[in-house]
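1. sequence-free structure coming up:
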């Protein structure tokens, strides 16, 4: 009996780790850009840049991803990007990224804004929320661990859910 | 000595395997029954600890003993544990242990199904607690209303764990119920016609039938929830044609009968105890049986009284008020019958009888507050407040836990061969009774004074401080009662008085064999000619003979009059049902993370099932036409 | 060898009783019907959910829903119905302890049920909506899933039974089980008919 | 004004709660009588049984007692059923003329309140504070923007769930002027415990005056402090979620703040609205309500001071 319980707990702890963490109180840190490298074209001069990326812990947490999804709607991101399909702004659920697909790239886009309409959210919303939105944006194109993504939202299905995406392909 | 020789042979045939392997492979009903009883009692303790933690948090306003997130997990796990992991499995376990003895048989109909049920249930319970201990226990309440439990508002795997725990425990309950019904129909001692069955057997029978028709509803509901969360189905998404109330209908179509599933065996334990300690048959046997059946039927027609506040049409609500009120009548009949029985009997004050009185105090009060809640206007005020918390604990603890503790005290000598300590038993009862009323009576007032249920804290200015403190103190007193009961069990097990076959001078067939029963239950199967068999048994009451002692043969009798019909051979210990539970477990737990868990589980289960049903070498007549 | 009665007590001797029985005399018969009761309750609840969800909608099924072709679904139904005939032979032969018709019945029955599985697979592949398209899709796929689950498990059971029947040796006490297998299979067949009618013909 | 024992089903302040309390007392009396009767019968039975050495061997003579008891039970149940159905009929919102319609939308974890009007510019919006005129029937239209909540003002009526995707109708009436606390009654997540609101029943005249104020746009900042506060409001994160009528802030994610200075409470009737609480709430709402959706706001002290001054001026 005891070994059974221990094994089960061990298995569960391996599977859960960060995915189930919930941070309900946040540090009120203001958002600034991370200083990550902005890639605005496929071709870059000189040596290839090292692919060192910032680790966004929000990507591994189901709760944070869900918050990102909520904030994405709350802050009216879908006004321009629709539910990831794009409209006035570029689509977010496809493979192409104008300013890079790494977490810090997306984070900085949200903080600084970009020409042709993307407003700057720096100073308007706290940093942790930007990371959550970043995580959600990346989840739309399947760049985050699949297990942490939500199944669907309680809205019209304007897109396939994050989790059933892989099966559809 | 022919008897001695037979004993040796039978003991060898029915020998219980020992150790870990024995635990995994044994399928004798006493083993499985005891597994259920012990495991569900452990879950009861865990649920109790959660209750104590919650009451500690609520002792003072704006308390910071636990966080709101953890509090939500606490009450969800507490409710789910008590309903799914304690009450129903305990009822089934007790039935699995006692009913075959009461029927005078050596084994249940489907021992391997029982074994499979137990391990499914165990895996489900461990799954829930693995999540809970790792701080991702479910947190949407034991009835997990969508959309709060849906994919949008409950990210992570918390609710998936809950939904799959439901799947496991339902499989367990359904398996146990099927086995119980078949056993009661076909394994009765010769002469025990349907109208001679002990009331406890009737209770288990009716409850098992309710399980068969109620549990599928929650399985359908929890599967819908799990698939909404995992593969993005739209059952509960209004924007795509789904409906959040569909969940409530399905859940309560199970959820209300669930209450009767728990409490009907409770009332029949009451009948057993009342008879045993007044030395008189319970008044109105036919009426008692009809009451159980009527409760079961009407119990399926009252689920909407959990949904009075959702704004359903008024006429419908009146119908459900009426049916909820109607269900009082059979229960009232039972209460009156017990009083009449006591009136005509002796009154032997032993610990179990104290629990009978405790039941009559608490359950009658809970039943009356239930009549209040059945009224739509009152329900609109009382629904989802602490009044409901008080009511449901009065009904469930009063209706199930009190008879259960009484019954465990009563059957303890049957399980162990030792008597429970009477003095300690009375102290236990005192703590139970006082602690219970202290905990839950103030909750009626709290509800009326506006305290909603499931709040992790309240403002100091609300005027709820003293009642909450009182309730918390009561919870600790009740906790001491539980500890005393366990202490009594341990002490009595070690140094209790030797019980003998029938220490209470009771009436039904489980006392017709030694305590604890030998592995083959009865040296010679008994026959009966009366409901209160032992009290009226003639000196020349015949016994049954003619079984091969080297095989696990049991007698099958006819449905109505229990006339001997044929024999069957029941299986020896085997690992396959446990493996099947494990295979199902792997499939269902994997299905929390990926839909591929379903085909994986089916494949593994297919292998285990083939192993289970693969024919053993024949030793009976073969078909003539074979080559 | 059997227990011998000690002297001086009255005994009922059951040593001559048979070791199996058919129909309601057999505990497993009750087990099967209880299983069917559970399954039926589930099917009824799925159907209730279907009509409950239907009550919320003015057009049903939702616009843009394309079912599997009617002829294909009808083919499944025909295969299912055909499988009843050989299993009926087996059912009747079991009580007369005649092995050959049982073997043939089960072989043909398995073939028919396997055929139904194949057409069912094509059906599923041609359904023009997904389970995550809308609530209608969810409930119909749930019904399909439940029944296909029973269909495949029933077919596997029939196949295993056929193998056992041909492999032998076959005991007499297997005969009640043969009949129960048939009953279970008929349940799989019969339970599909109302769902098929509802899915294919229920429109508003 | 968070303090109040006015969240009490036994102190009705309107006709509907009164009806319910009437049913309640009737039920309570009947149930008490039944309980006492059962225990008297039980005591008699036990006394008799205690004196006996051997159980009665005669057939029980009790069928008549049983019949009597069952008949009494049935009679009482019927009486209770009738009173219940009559009560439910009296409470039905159908066919009741009302003077006003108010839409209440539940959010995690606050209440959005709109006074509907045929003229769209006459719609007044507020949060967590429901004003009703005394002696008038008011229709409440209930909706939810996320999960199921339940609208419950125990002093005025029973509860009615707010269900996403469906609108429920409810009629309330207050006969006594006063302040009644109300609380969400259906578990709705992390801050279910702190999702309350207050109902203020006031004479018709006061109510109309209040409503007129609510319809107006926000007051313009007057002092330098207030002007700076408005700047802070519009340039930082506040406007991402909140609306102030008459400014560029128009988001509907959080409560409408057009007249926040006039409200008695903050955080969905959890803390009194005063300068200290307001500052603390803005800086770190999660300190009061862990899990709340309002993020912490790291403003520098002067900005915070100015913001609070501005918000307080929004009467």
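-> Arrived safely. No experiment lies behind these values; they were computed from the predicted model shown.

2. now residue B:301: how far from residue A:86?
-> Using Cβ to Cβ, to the nearest Å, residue B:301 is found at 53 Å from residue A:86. Heads up, the C-betas are built off the backbone N, CA and C, glycines and all.

3. those two: which is more packed in?
-> residue B:301 (17 against 14; other Cβ atoms under 10 Å in any protein chain shown).

4. please give me every residue in contact with that one.
-> By Cβ atoms under 8 Å, 6 or more residues apart in numbering or on different chains, the contact set of residue B:301 is B:320, B:323.

5. can you give me phi and psi for it?
-> Here is the backbone geometry of residue B:301 (degrees, to the nearest 10): phi -110, psi 20.

6. residue D:182 too?
-> Main-chain torsions, residue D:182, degrees, to the nearest 10: phi -140, psi 160.

7. report pLDDT for it.
-> Model confidence at residue D:182, given as pLDDT, is 94.

8. same check, this time on residue D:143
-> Predicted confidence (pLDDT) for residue D:143: 94.

9. what strand or helix carries it?
-> strand D:137-144 (DSSP states H and E).

10. how about that strand: buried residues?
-> Burial within strand D:137-144, assessed by neighbour count using 16 or more other Cβ atoms under 10 Å in any protein chain shown, is assigned to D:137-140, D:142-144.

11. look up how far chain A lies from residue B:434.
-> The gap separating residue B:434 from chain A is 35 Å, by Cβ to the nearest Cβ, to the nearest Å.

12. nearest residue to that residue in space, please, no chain neighbours.
-> The shortest distance from residue B:434 to any non-neighbouring residue, by Cβ to Cβ, 6 or more residues apart in numbering or on different chains, is to residue B:477 (5.9 Å).

13. my guess is that neighbour contacts residue B:431. True?
-> Yes - assessed by Cβ atoms under 8 Å, residue B:477 is found in contact with residue B:431 at 5.7 Å.

14. need the pLDDT of residue C:70.
-> 93.

15. which residues touch it?
-> Each residue near residue C:70 by Cβ under 8 Å, 6+ apart is listed here: residue C:200.

16. show me what from chain D comes close to chain A.
-> D:164, D:190, D:235-237, D:239-241, D:251, D:253, D:283-284, D:286-287, D:290-291, D:293, D:295-298 (Cβ under 8 Å from any Cβ of the partner chain).

17. ok, now with 10 Å
-> Along chain D, the residues adjacent to chain A under the rule Cβ under 10 Å from any Cβ of the partner chain are D:108, D:146-147, D:164-165, D:190, D:235-241, D:251-254, D:283-284, D:286-287, D:289-293, D:295-299.

18. ok now the helix or strand residue B:265 falls within, how far from the chain's centre?
-> Secondary structure from DSSP H and E places residue B:265 in helix B:244-278. Computed by Cα atoms, centre = their mean, to the nearest Å, the separation of helix B:244-278 from the middle of its chain amounts to 9 Å.

19. next, give phi and psi for residue C:68.
-> As for residue C:68, its main-chain torsions (degrees, to the nearest 10) stand at phi -60, psi 150.

20. hang on, the earlier thing: could I get the buried residues of strand D:137-144 as TSV with distance to residue B:142?
-> What follows is these, written out as TSV (distance: Cβ to Cβ, whole Å):
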residue	distance to residue B:142
D:137	38
D:138	35
D:139	34
D:140	30
D:142	25
D:143	27
D:144	22
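
21. closest to residue B:603 among the residues you listed?
-> Residue B:603 lies nearest to residue D:144 out of these, by Cβ to Cβ, at 42.8 Å.

22. which residues does the spatially closest residue to that closest one that is not a sequence neighbour bridge with?
-> Closest residue to residue D:144 apart from its sequence neighbours, by Cβ to Cβ, 6+ apart: residue D:162 at 4.0 Å. With beta bridges defined as DSSP bridges, residue D:162 has these partners: residue D:149.

23. can you show me the helices along chain C?
-> Under the criterion DSSP state H, helices of chain C are mapped to C:27-54, C:70-95, C:99-126, C:135-167, C:175-201.

24. what's the pLDDT at residue C:10?
-> Residue C:10 is assigned 83 on the pLDDT scale.

25. likewise for the one 4 residues further on?
-> The predicted structure scores residue C:14 at 89 on the pLDDT scale.

26. in the stretch 151-300 of chain D, what residue lies closest to chain C?
-> Closest contact between the stretch 151-300 of chain D and chain C, by Cβ to the nearest Cβ, is at residue D:165 (9.2 Å).

27. touching, that residue and residue B:246? I think so.
-> No - using Cβ atoms under 10 Å, residue D:165 is not in contact with residue B:246; the gap is 11.5 Å.

28. and the residue of the stretch 151-300 of chain D closest to chain C, what's its pLDDT?
-> pLDDT recorded at residue D:165 is 86.

29. with adjacent residues omitted, what lies nearest to it?
-> Distance criterion Cβ to Cβ, 6+ apart; nearest residue to residue D:165, sequence neighbours excluded, is residue B:238 at 2.8 Å.

30. quick one: the one you found and residue D:143 touch, right?
-> No - if you go by Cβ under 10 Å, residue B:238 and residue D:143 don't touch, sitting 11.4 Å apart.

31. overlap of the contact sets of those two?
-> Contact criterion Cβ atoms under 10 Å, 6 or more residues apart in numbering or on different chains; residues bridging residue B:238 and residue D:143 by contacting each: D:163-166.
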